[in-house]
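Q: Have a look; sequence and predicted model below, questions after that.
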Amino acid sequence: MPAVSKGDGMRGLAVFISDIRNCKSKEAEIKRINKELANIRSKFKGDKALDGYSKKKYVCKLLFIFLLGHDIDFGHMEAVNLLSSNKYTEKQIGYLFISVLVNSNSELIRLINNAIKNDLASRNPTFMCLALHCIANVGSREMGEAFAADIPRILVAGDSMDSVKQSAALCLLRLYKASPDLVPMGEWTARVVHLLNDQHMGVVTAAVSLITCLCKKNPDDFKTCISLAVSRLSRIVSSASTDLQDYTYYFVPAPWLSVKLLRLLQCYPPPEDAAVKGRLVECLETVLNKAQEPPKSKKVQHSNAKNAILFETISLIIHYDSEPNLLVRACNQLGQFLQHRETNLRYLALESMCTLASSEFSHEAVKTHIDTVINALKTERDVSVRQRAADLLYAMCDRSNAKQIVSEMLRYLETADYAIREEIVLKVAILAEKYAVDYSWYVDTILNLIRIAGDYVSEEVWYRVLQIVTNRDDVQGYAAKTVFEALQAPACHENMVKVGGYILGEFGNLIAGDPRSSPPVQFSLLHSKFHLCSVATRALLLSTYIKFINLFPETKATIQGVLRAGSQLRNADVELQQRAVEYLTLSSVASTDVLATVLEEMPPFPERESSILAKLKRKKGPGAASALDDSRRDTSNSDINGGVEPTPSTVSTPSPSADLLGLRAAPPPAAPPVPVGGNLLVDVFSDGPTAQPSLGPTPEEAFLSPGPEDIGPPIPEADELLNKFVCKNSGVLFENQLLQIGVKSEFRQNLGRMYLFYGNKTSVQFQSFSPTVVHPGDLQNQLAVQTKRVAAQVDGGAQVQQVLNIECLRDFLTPPLLSVRFRYGGTAQSLTLKLPVTINKFFQPTEMAAQDFFQRWKQLSLPLQEAQKIFKANHPMDAEVTKAKLLGFGSALLDNVDPNPENFVGAGIIQTKALQVGCLLRLEPNVQAQMYRLTLRTSKEPVSRHLCELLAQQF
């Protein structure tokens, strides 16, 4: 190897490293290291003082030996001595050794701190950077206590070099992450935020990283960063690549800084200042426009940098969820990536579109890519991309495409990777349940699931289909017929036998009139599977047999023969033996009336959250349970039968499509069946039927709502926030630096269910968290709202969900109030909002012919029945947007009724428990004058005026 002079390097270190590399065995390496350690130890202990070069060389050797995996128990003092050197290379090696080998409990920490203080006070930028790097690398609490007060001063000092500011910002960030309580920003906050205007891009980049972390705990203190971040982002986005030459990466100006600025803006809601918001929207549009331009380089680095900014921009657009045009453009841009040759881009596009699908504005745009996503599910080679495609299909599913998506997912399930089959099964089961209007389709879907992927159909899935079939009279006969046909297959999965045993035991009499499914045939078919099944399934089948004796007396002798067989009475399994003995005795001793009472049909199951949905949330992890992000769209309708049952006095038997929310269900019989011998038909759902709750709040499930006098007035923007939800049912109701409140709701006739999602945006736990619904004035007699209790603590970054069941008793004009109280960092926080429940939510659209419309219009001709308003348009007059808002308002749009095709005519009925209020509306837009004339006629004067005010504010 060439000679190395003292000025250029350390020859002794180079020779030692060369010797180590040339060792032929581990033993030879250890021998050489031990020899070197002995030599270094003798040098350090010798009488002759070592110069700085020798100390540096030997400390370097010790560091190299440590990196090889050997323990070092000396040399620390020599490394500390190097810190006092005025030579950069010696000081650098000293700091390097300390950063790697010295722990926070070392006795030398005080000496090290003194050396660092000297370097920080030296005003030598090189030495200051070395000291800051050491503090950041060690990052101990002791270091933080010693320097946390000095570093902000260095960061904002006017005479600090740019390199020192960068190091100080990153060092402060490291200390803050390790010990947040040791970094009191206070007086430095405004000056740190002002670093976003620094001329040096490196300083700005480091400052953005620091501010992004700091604002998550103290968002109000750093709120002024929004306008500065937007201004800096605007300058970068609008600049040419030649303007920022030192920070341009493959023709992309400052990509890392752009991404960091976009992430910083995601810590806050949309800017309140119109000028700042307009400038930000312009930046986002510019990024989307640049994505459409041809690439300036074929290098992969260029596309990576460009796409990094694009995807972060889309994340910000999704976070704001307030700009329909940007959301749709973002969706279209992602749609182009779905067929990109780069796998990573396809993955990211699918992942981002999953989030877009939950937005009210972009859901329809996402649905236009359904064929591409289905093709990706079938043809993608990468399993992770296929999984994201399945997630997106799940997210974009609604009533219009549910059958297509479920059909495709079932087809894919036959060849799906084993790792994701269970998740696909859960999603298919949830979608089939959520969007089932025809329950026979739901039954067919679940039975297909069992046939295709029986091993992956968990108990929750087949429990759920049994619950729904039991609770729905209209589907029981079809379910019995279908499962009977499915059991006739030569190879039948055990889960199919379980479902068949239960359904035929309960409802086999509904198909017994057909000779092909007569009672003996049903019994013979089930018993042919008996010997192939597990103990649990055999126990269920024995319960089915005793049910058959009650349903079909002609099978009594045959079934008693089976129960009397030695293989049952002397079965090695105690459960099977006990059932056989008890069922045989019951069938022999009990009279027909007693047998009929004990074995009568199961009552409807109590309503609760779908256990399938709960399992999917557990499987996907805590992050996926986020509703505004993660359990996807229309969570409020995730459970056909879920919810709280009304009292028996208000119950009517629903039709298949009348009660998708499950707010109505048949009451259980007065005398539930007596469980006999641990009857599996009774306890198949793990917890038995419970008492019916009333519609009003109970001590166990609801808050004791304080009166209006106990809460503060609604926040100033409460009316504006309420107006956003007049024509839509989901979105972000409220957001500040601490808390985000999201809403998802669905209404059917005079009933509704609302999900409120409370998200803690900080890293500090909320204490005494208490959201309460309050009925001002006489609203208690007009609207019944039942609330479920939520956890009193909400962890930082976590989200909790609250379910509200709503019943409209009679027409109302004032919405209920939502009061949210909690403690944050020891400080009491409270806010009052208007809950987005307005009278139009209980609109049922009504189709009618032109003749019927005008006839009804004339009938509602009294002056008090009509409300009319002429007003100026506050938004662009787009016919499609107007149509969407009217449909969202709840009325049916009637075509070919008004002689002027530019006008909109609608009809509907407001459903309340006490009465129905018919409503007709006519909206006449004048594009030239930018004006509207809105006319509403209803059978009640207050309703006409209130609906007219509500709807006029939407245009």
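A: Ah, there it is. The structure displayed is predicted, hence computed values, not measured ones.
Q: need the helices for the stretch 351-500 of the chain, in chain order.
A: Remark: helices assigned in the stretch 351-500 of the chain by DSSP state H, counting those that start in this stretch are 363-367, 370-379, 383-396, 402-413, 418-434, 439-453, 459-471, 473-487, 494-507.
Q: In a markdown table: these, plus mean pLDDT and distance to D778.
A: C-beta here means a position set from N, CA and C on the backbone, and glycine is covered the same way. Formatted as a markdown table, these follow (pLDDT from 0 to 100; distance: least, Cβ to Cβ, whole Å):
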| stretch | mean pLDDT | distance to D778 |
| --- | --- | --- |
| helix 363-367 | 88 | 37 |
| helix 370-379 | 89 | 47 |
| helix 383-396 | 89 | 41 |
| helix 402-413 | 90 | 41 |
| helix 418-434 | 87 | 36 |
| helix 439-453 | 88 | 40 |
| helix 459-471 | 86 | 35 |
| helix 473-487 | 90 | 38 |
| helix 494-507 | 91 | 46 |
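Q: which one of these lies closest to L338?
A: Closest to L338 of the helices of the stretch 351-500 of the chain is helix 370-379 (Cβ to Cβ; 4.8 Å).
Q: For that closest one, which residues meet the burial criterion?
A: Judged by neighbour count using 16 or more other Cβ atoms under 10 Å, the buried positions of helix 370-379 are I370, T372, V373, I374, A376, L377.
Q: can you tell me which residues contact the closest residue to the fifth one other than its chain neighbours?
A: If I follow you right, that is A376. Among residues not flanking A376 along the chain, A389 sits closest, at 4.3 Å (Cβ to Cβ, 6 or more residues apart in numbering). By Cβ atoms under 8 Å, 6 or more residues apart in numbering, A389 lies in contact with L350, V373, I374, A376, L377, E380.
Q: Just the closest of the residues you listed to Q930, please.
A: Nearest member of these to Q930, counting by Cβ to Cβ, is V373, at 39.9 Å.
Q: in terms of contact, does the closest one touch M396 like I think?
A: Yes: V373 is in contact with M396 according to Cβ atoms under 8 Å; the separation is 7.5 Å.
Q: residues of stretch 931-946 that come out buried?
A: Buried residues in stretch 931-946 (16+ other Cβ under 10 Å): Y932, L934, T935, L936, R937, T938, S939, K940, V943, S944, R945, H946.
Q: Tell me where the model's unsure across this structure.
A: 1-9, 104-106, 240-243, 607-710 (pLDDT under 70).
Q: Mind telling me what element I549 is part of?
A: According to DSSP states H and E, I549 maps onto helix 535-551.
Q: Ignore what I typed, I meant R32.
A: helix 26-45.
Q: Give me the contacts around that helix.
A: Counting by Cβ under 8 Å, 6+ apart, 16, 19-20, 23, 50, 54, 58, 61-62, 65, 68, 70, 74-75, 78 sit against helix 26-45.
Q: Which other helices and strands does the next helix or strand after that helix contact?
A: Counting by DSSP H and E, the element after helix 26-45 in chain order, helix or strand, is helix 52-67. Contacts defined by 3 or more Cβ pairs under 8 Å, 6 or more residues apart in numbering; DSSP states H and E place helix 52-67 against helix 11-21, helix 26-45, helix 76-82, helix 88-101.
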